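Student: Predicted model and sequence below, questions to follow.
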Amino acid sequence: MNLLTFISESATTAEAAGGTAGVGMAQILSMIVPLAIMVLIFYFLIIRPEKKRQKETESMLNNLQVADEVVTNGGIIGRVISVQKDTVLIETGSDRTKIRVLKNAIAQNKTAHDDETETAAVKKSKGKTEIK
C-alpha cells in the first residue's frame, strides 16, 4: 500500500465522519429547541402566575386584622375575632357562633384596608413624573 493512497483514504473517511457529526448536531438541536420553547411556555403560563397568586395569598393571610370579614375555603363567611400564629377565630351569623379555623383555610378577605389603597395610590404616583 502506498503512503499517498493511505492518506487520501483517511482524508475521505474523516470528511465523511465530519459530515455526519454536523447532521447529528442539527438533529439534536432540532429536538432541544422545541423542548426549551415548551419549558418557557409552561413557565410563563403556569409557574409564574401561580407564584404570583401564592404571594398575594400569603400577603393577605399575614395582613389579617381583627374585624375583617373573611370567607373560608368551605364557604363560611365570618368576622375575625382574634388572630393567632396559625389559627384565626371567626364569628359567624347573628347568633355569634365562634369557629376556630386554620389561616390556610381562609380564601378571601373581603375588607378593604386603608393601607392597600395608599399603596395603590403610591404605585400610581411613582409611574407619573411631575414636571414644573
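Tutor: Yes, it's here.

Student: residues making contact with stretch 47-61?
Tutor: Applying Cβ atoms under 8 Å, 6 or more residues apart in numbering, the contact partners of stretch 47-61 are K103, N104, I106, Q108, N109. (Glycine included, C-beta is placed from N, CA and C.)

Student: Can you tell me the SS state at the fourth one?
Tutor: Taking DSSP: H, G, I helix; E, B strand; the rest coil as the rule, one finds Q108 in the strand state.

Student: and what of the second one?
Tutor: Classification of N104 by three-state DSSP places it in helix.

Student: Nearest residue to it in space, please, no chain neighbours.
Tutor: Take N104 and drop its neighbours on the chain: the residue closest to it by Cβ to Cβ, 6 or more residues apart in numbering is L61, 7.4 Å away.

Student: element containing that neighbour?
Tutor: Following DSSP states H and E, one finds L61 within helix 48-62.

Student: List the strands paired with the helix or strand just after that helix, with their directions.
Tutor: Under the assignment DSSP H and E, the closest C-terminal helix or strand after helix 48-62 is strand 69-72. Take DSSP bridges as the rule and strand 69-72 pairs in its sheet with strand 77-83 (antiparallel), strand 106-109 (antiparallel).
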